[in-house]
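Chemist: I need the structure of the sequence given here:
(chains A and B)
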Amino acid sequence: MKRTPGIILLLVLLSMISLNARAQEKSYTISGFVRETGSLEPLLGVNIYVSELKSGTVTNIYGFYSLTIPVMDTVTLVYSYVGYEAKEAKVPLNKDHELMIELNPDSELGEVVVSGKKEVTVTEQAQMSRIDIPVYAIKTLPALFGEKDALKTIQLMPGVQSGSEGQSGLYVRGGGPDQNLIILDDATVYNAYHLFGFFSLFNGDAIRSIELTKGGFPARYGGRLSSVIDINMKEGNKEKFKGEAGVGIISSRLTLEGPIMKGKSSFLVSARRTYVDVLMRPFMINADYKAGYFFYDFTGKVNYDINKNNRIFLSAYTGRDKFYFRQDLMDFESRATMNWGNFTSTLRWNHLFNKKTFSNTSFIYSQYALNMGFEEEFVDENFTMNFSSGIRDYGLKFDVDYMPSIRHTIKTGFISTFHTFTPNAVVLKESSGNLDYSKKEQYQTLESGLYVQDDIRISSAWRALAGIRFSHFLAEGKHILRPEPRLSTSYMIGKRSSVKASYAEMNQYIHLLSSTGIGLPTDLWVPATSRIKPQRSRQVAAGFSHDIKKPELTVSMEAYYKRSYDVIAYKEGASFLAAADPFSGQEVSWEDNVTTGNAESYGFEFLLEKKKGKFTGWIGYTLAWVWMEFDDLNNGKRFNPRYDRRHDISVVGIYELSENITLSGTWVYGTGNAISLPMGTYRKYGIHDQSNSGSAVSNGNYYGDKNTFRMADYHRMDLSVQFHKQLKRYERTWEVSVYNAYNRKNPFFYYVRETAQRNILKQVTLFPIIPSISYSIKF
Amino acid sequence: MKKTLFLLFLVFFFAACEKTSDIDVPPNPPMMAVFGFIEEGISVVIRLEEVVPVFGKTKKDPVPVSGALVIVKEGTNTYVLPEWPGLDGTYLLQGFIGEAGKTYHLEVKRDGFPDLKANCRVPDFVPLSVSHNYAAVPDPQEFSDSIRRIGFTWADRPGSRDFYRFTSQAIYNGFSQANVEFVDQNLSDESKDGKDIYTGLGTFWMENMGNPPTDLKILFELMVLDEHAYKYMRTFDAAYYTDDNPFAEPVIMYTNVQGGIGIFGGVNRKFFNTKIY
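Modeler: Presented below is the predicted three-dimensional model:
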């Protein structure tokens, strides 16, 4: 294993030497951007297939592509992309060409037929364990209270599990929610959830693309062990003013986009706010208190084409959740608030050095903060308490895509992020002067990564994505430098099947202290320290993909094995509320509350996907095991974590019944969560000593081994129908959906209810059958 | 009107979301818990307790287990411990005293329960001396009482895994007592073999009662445990401090008892007396 980084580095260097040799051959370059007709929105991942060479490339996230082709008379390029009409271009290869391509959205998501041509399919890609989440599915599939949710759509993919009923938290291949890197326009989003995890930050209106990577990570990604969710926002229509608006049961949303300078510059703004607090207000008119909750999101983006070689983008996201409570009595007043949210902003500069070399430079700001405040006034005395925690990042990222020949796509770059962690800051004040206390715990660290990777077409059948990343972390004056080799390879068997394999090492230098794993705002981000080491993992995966011609389906199967080291967990008996030891009164650092151990996960994933036609959807199945082993937990014996799920199934279907009606449905099944349940109660004795006067006895519960009890299995069906109608000025859509259509009582949590006669284990179900209705327009 | 009805619907809708239902839990087989700390110079006492199912048909309080056959073997010696009259579930043989450096084997038989087996060793007591560092801490938040802090250090025995537990008490004004509270009362020499072991600063409060306290003495109780007793006491303490806290992670109690739960461990202890002023 120790030789792996060196071997991969050697492979990358050899490939560069070979491409240098090939560069000596006479060739011409065809490059340009692929955009959507009408909006000029760049399209990423568009397949560009060179018929004569039976090879091709794909556009990067800015829609750029470059093909350097050995001299021949004419080449035929086929541009194809799911949901768009394919386009063909015959290009005489007598000089370099710049081809700006616009693809028309395919109104019926119909079959793309370009006779005799072929597009690059999932089967042919070297990278494995990567799924493009269809944005149209996010907007079409039924959702809780009708709130469209990108992360919940990701949960429907194999290898990804949800935590509890209705939660947006993601558990990918045995990793916890903290091990997912969620990136929005290059900025890390630290808490991607609203309302304690029931909704995610990302509503589909402003999203251009979502890419989920579970393994075989390209070297350009780093910093988390389990997955990367790369989300890119739309840029805004450069030709026409457009908008979308929707009214739902709990929230409304509005998205506007349009040109600032036609064809050169555009903007996009998108906002959403819940109004449960507003709806509740009439019921509290006569109460002596006021209470409420709401959340909002705001997304904005502008871009400007300086010239054909330079473009800049400025994007920002802000969102907050807020609880408030206020009580006014005669001479007593109290106020309590709790709010949390993210703010991210990215300034990006695209620069074309030449026809083969594309670069992007990003200046990134990201912040997550939780604030809790409490204030009491009694006559002329007042007491104030404020608690806050959070993380703030300043980052610089530079990426270069270099495409020297049709056989190589080289990406290299670096990222450096300056983190400021504030696990807790407390201020306590009393107007009498008896109390005036403040404390702030803060850490500053620098996290960097330098990478190079090459997507190599070794032969017409064999491809490899080889790369290496060097990650660096500076904390408490100590440097940690770790190489992270990455390799994915695929081999075509015939025209429609391929076998794939991958290996990836990852390091994670920041930890999330989470007692529940469901994405509570109280979860704290903390850095690796001299006591708590960085987490690291090694993952191998092997897979098989097959494209079925009729009906057009893709089948993929993957098996994986992942070993993670130095993962953290709360110690037994530790509480996330404990800031001080209750007996000694001494302050307890978060490092005292956690322990480190190792995790092992392995499994098998199956995905059958239909991306084209009137009926689209997928069936996903995961068979998985997760084990954890900590010296300080479960007496050193290995155990299944709560989210170990043996079987996980999702069936997703979207059917265009007619031009005006879209039907969709999902069915999910998952093995019940593993929990520790008291099995027995007994009197237990400890060693008598001088402090307990020889009476070290207490009643206690016997749990058996950790997490040996399984909650009831989870399954649920959601259904939705959308009625579209094109009116004179806009298209309107009524959506009627049913969450939990057959009213399954799924477990949210268990508790023990004590009665005089017996104890009863009670299951709490959160969401019975929930119908919802929403109305949206598009203009 | 329609709007009002819609609002009412929403409110009831949210309130009606949460539902509870009963879950059947399969019955647990009968189980005994055994507690025995064999200590240098102290009579061997074994306690047996029944582990009562939490989800039984009727609720039962935990009860001691009487009528068991309790045997402790050491080398070629076999001791049968009778149940002590008047103390149900307590088994004790007069004159059977624990000795340092010896290994003991426990066997328990009782109709209706699985047989229990466990082993332990009474460790030698090695630390010859204990030093301390003491500090009075001014704290404006603490009104009239005085906060004091004290920590203790001793030398670990090199070449062996050693496990320690400690307590400390302050005695002042001739009669008042205060426990010294430490973050962790259990320490091992892991990664500190043969080096100094330090308790960290413990805290105690002395009541001023109008005058500054006088005549302060500290009693330090240091125990050397075998690994089983050490691991058990770590979980015992964690469970004791957090059993009633619904936000705390559940504690899985350590056991070295085959066929049941509980502890059969070895202990050796000494007291060190220090006069501060």
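
Chemist: Please parse the chain into its domains.
Modeler: Chain wasn't specified; assuming chain A. A:4-124, A:130-232, A:716-778 (automatic domain parsing).

Chemist: You answered for a different chain; I wanted chain B.
Modeler: B:31-121, B:130-225.

Chemist: now the helices for chain A?
Modeler: A:4-23, A:135-140, A:150-154, A:276-280, A:590-593 (DSSP state H).

Chemist: For those helices, which has the smallest mean pLDDT value?
Modeler: Mean pLDDT per stretch puts helix A:4-23 lowest among these, at a mean of 55.

Chemist: What's the nearest residue in chain B when you look at chain A?
Modeler: The minimum distance from chain B to chain A, using Cβ to the nearest Cβ, falls at B:A238 (3.1 Å). From N, CA and C alone the C-beta is placed, and that goes for glycine too.

Chemist: How about the contacts made by A:Y84?
Modeler: A:E36, A:L43, A:V46, A:L103, A:N104, A:P105, A:D106, A:V112 (Cβ atoms under 8 Å, 6 or more residues apart in numbering or on different chains).

Chemist: Pick the one among the residues you listed closest to chain B.
Modeler: For the contacts of A:Y84, the closest approach to chain B (Cβ to the nearest Cβ) belongs to A:P105, at 36.3 Å.

Chemist: Can you check what pLDDT the model gives that closest one?
Modeler: A:P105 is given a pLDDT of 83.

Chemist: With adjacent residues omitted, what lies nearest to it?
Modeler: Computed as Cβ to Cβ, 6 or more residues apart in numbering or on different chains, the closest residue to A:P105 that is not its neighbour in sequence is A:Y84, at 5.7 Å.

Chemist: Show me where the stretch 1-150 of chain B has its strands.
Modeler: Ranges of strands within the stretch 1-150 of chain B are B:19-23, B:31-39, B:43-53, B:69-74, B:77-81, B:90-97, B:103-109, B:116-121, B:130-137, B:146-155, based on DSSP state E, counting those that start in this stretch.

Chemist: Could you single out the most deeply buried of those strands?
Modeler: Highest mean neighbour count among these (mean count of other Cβ atoms under 10 Å in any protein chain shown): strand B:31-39, with a mean of 26.

Chemist: returning to that earlier point: where among the domains of chain B is average confidence lowest?
Modeler: domain B:130-225 (a mean of 83).

Chemist: Just checking it against chain A, any contact.
Modeler: Yes. Judged by Cβ under 8 Å from any Cβ of the partner chain, domain B:130-225 and chain A are in contact via B:141, B:165, B:167-169, B:179, B:181-183, B:201-203, B:219, B:221, B:223, B:225.

Chemist: Could I get the full set of strands for the stretch 151-277 of chain B?
Modeler: Secondary structure of the stretch 151-277 of chain B, counting by DSSP E, counting those that start in this stretch: strands at B:163-172, B:176-179, B:186-188, B:196-198, B:202-206, B:217-225, B:261-275.

Chemist: brain fart, the stretch 451-600 of chain A
Modeler: Going by DSSP E, counting those that start in this stretch, the stretch 451-600 of chain A shows strands at A:462-475, A:478-493, A:497-508, A:510-513, A:524-527, A:535-548, A:553-570, A:594-610.

Chemist: Am I right that A:L141 is in contact with A:D718?
Modeler: Yes. Assessed by Cβ atoms under 8 Å, A:L141 is found in contact with A:D718 at 7.5 Å.

Chemist: Compare the two (neighbour count), which wins?
Modeler: The residue with more neighbours, out of A:L141 and A:D718, is A:L141; 25 against 21, by other Cβ atoms under 10 Å in any protein chain shown.

Chemist: Tell me how many other residues crowd the residue lying closest to that one once chain neighbours are set aside.
Modeler: Leaving aside its sequence neighbours, A:L141 sits nearest to A:S664 (Cβ to Cβ, 6+ apart; 5.2 Å). A total of 23 residues lie near A:S664 under the criterion other Cβ under 10 Å.

Chemist: A:S664: what's it in contact with?
Modeler: Applying Cβ under 8 Å, 6+ apart to A:S664 gives the contacts A:T140, A:L141, A:P142, A:V652, A:G653, A:I654, A:Y655, A:L719, A:S720, A:V721, A:Q722.

Chemist: Please report how far it lies from chain B.
Modeler: The spacing between A:S664 and chain B, counted by Cβ to the nearest Cβ, to the nearest Å, is 23 Å.

Chemist: do the same with A:E377
Modeler: From A:E377 over to chain B the distance is 22 Å, taken as Cβ to the nearest Cβ.

Chemist: Quick check: closest non-adjacent residue to residue 129.
Modeler: Answering for chain A, as no chain was given. A:S129 sits nearest to A:G215 (Cβ to Cβ, 6+ apart), 3.5 Å away.

Chemist: Let me rephrase: I mean chain B.
Modeler: Leaving out its chain neighbours, the residue that sits closest to B:S129 by Cβ to Cβ, 6+ apart is B:W154, at 6.9 Å.

Chemist: Who does the one you found form a beta bridge with?
Modeler: B:V130, B:I197 (DSSP bridges).

Chemist: any low-confidence regions in the stretch 601-750 of chain A?
Modeler: Filtered on pLDDT under 70, the stretch 601-750 of chain A yields the residue ranges A:692-696.

Chemist: at 80 instead, please
Modeler: Low-confidence segments of the stretch 601-750 of chain A, defined by pLDDT under 80, are located at A:690-698.

Chemist: Please work out which residue of the stretch 551-700 of chain A is closest to chain B.
Modeler: Going by Cβ to the nearest Cβ, chain B is nearest to A:G573 of the stretch 551-700 of chain A, at 3.1 Å.

Chemist: picking that back up, can the strands of the stretch 451-600 of chain A go into a markdown table with extra columns for distance to chain B and mean neighbour count?
Modeler: A markdown table is the format used below for those (distance: least, Cβ to the nearest Cβ, whole Å; neighbours: other Cβ atoms under 10 Å in any protein chain shown):
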| stretch | distance to chain B | mean neighbour count |
| --- | --- | --- |
| strand A:462-475 | 21 | 22 |
| strand A:478-493 | 18 | 18 |
| strand A:497-508 | 22 | 23 |
| strand A:510-513 | 12 | 23 |
| strand A:524-527 | 14 | 21 |
| strand A:535-548 | 19 | 20 |
| strand A:553-570 | 5 | 20 |
| strand A:594-610 | 10 | 19 |
